[in-house]
Each structure stands twice: as structure tokens, then as C-alpha cells.
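Visitor: I need the structure of the sequence given here:
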Amino acid sequence: MRRSISEGVNLFLKTGRRKATFLFATIAAALVAATGAAAYVPSNSHAQVAHAQPTHGSSTSCKSGYYKNASGRCVHSPSSDPSGATAKCRDGSYSYSQHASGTCSHHGGVARWIHHP
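Guide: Purely as a prediction, here's the structure:
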């Protein structure tokens, strides 16, 4: 059964909180599935993902100054340039990591988050 958003709001007002919460969670899940969940990616050059260059078979490598993250994407390696960084590392370098796990792991850990992934 399909319902419009206004029908969902009316259902929320007429029914118990549990049913309405379930309905809105279902709608949110359907929207995420239909549109795909987009991660926050700042618009400057360091934060943008570099396309991996296929080598042989299914392996990929990243261009110089980039590394392959846990998702298989090439991400700018830590540097002294803060533009587009997601975190500042304890050694003073800036990270452009797209995942919190492992950010600044070879740079003394995260000193502070700029844009927490």
C-alpha cells in the first residue's frame, strides 16, 4: 500500500508513536535505497576521490600522493595542506580520510576532527 507524505503525517497524528516511528523509518529506508546514501565530500581538490587506475586483473593502484582506503577508493595521503582535510593529526599533518577508523594511524592519531566522516 502506498501512502503520500501527508497521509503519513495524518497517520502519525491518529496512531500511536510506535506505529508512526516504524512508518517513518520505513519511508527513510526506502528513500535511502532509492537514491543511494551519499557521503559528505567537501568540494575542494584534496577531499575529492581520485579515480583508481586499473593495472592487471582486478587490482588497482593509486596515483602518487594517494592511497587506497578500506572501500577501495584512492584518497589523498596526509599532508601539510589543511584545505579539504577531515582531521588534523597529532604530528601536525592533515588527513583527508573518508572513514573514521584508522585516520591518522601512522601520524600519532587524531588531534581534532575538522569534518568527521
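Visitor: quick one: pLDDT of Phe22?
Guide: Per-residue confidence (pLDDT) for Phe22: 72.
Visitor: name the SS class of it, please.
Guide: Under DSSP: H, G, I helix; E, B strand; the rest coil, the three-state class of Phe22 is helix.
Visitor: give me the neighbour count for it.
Guide: 12 (other Cβ atoms under 10 Å). The way it works is simple: take the backbone N, C-alpha and C, and place the C-beta from them, glycine included.
Visitor: and what of Pro82?
Guide: Residues near Pro82, counting by other Cβ under 10 Å, number 11.
Visitor: which one is it nearest to, not counting chain neighbours?
Guide: Counting by Cβ to Cβ, 6 or more residues apart in numbering, the nearest residue to Pro82 once its immediate chain neighbours are dropped is Tyr94, at 5.0 Å.
Visitor: name whatever forms a beta bridge with the one you found.
Guide: Beta-bridge partners of Tyr94, counted by DSSP bridges, are Ser79, Lys88.
Visitor: the domain parsing of this protein - what is it?
Guide: Listed domain ranges for the chain are 5-35, 41-117 (source: automatic domain parsing).
Visitor: where among those domains is average confidence lowest?
Guide: The weakest mean pLDDT among the domains of the chain belongs to domain 5-35, with a mean of 66.
Visitor: quickly find the element holding Ile27.
Guide: Using DSSP states H and E, Ile27 falls within helix 17-35.
Visitor: residues contacting the residue nearest to Pro82?
Guide: Counting by Cβ atoms under 8 Å, 6 or more residues apart in numbering, Tyr94 touches 78-82, 85, 87-88, 114.
Visitor: reformat the residues you listed into TSV and put distance to Cys104 next to each item.
Guide: Conversion of those to TSV gives the following (distance: Cβ to Cβ, whole Å):
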residue	distance to Cys104
Pro78	7
Ser79	12
Ser80	14
Asp81	15
Pro82	14
Ala85	10
Ala87	6
Lys88	8
Ile114	12
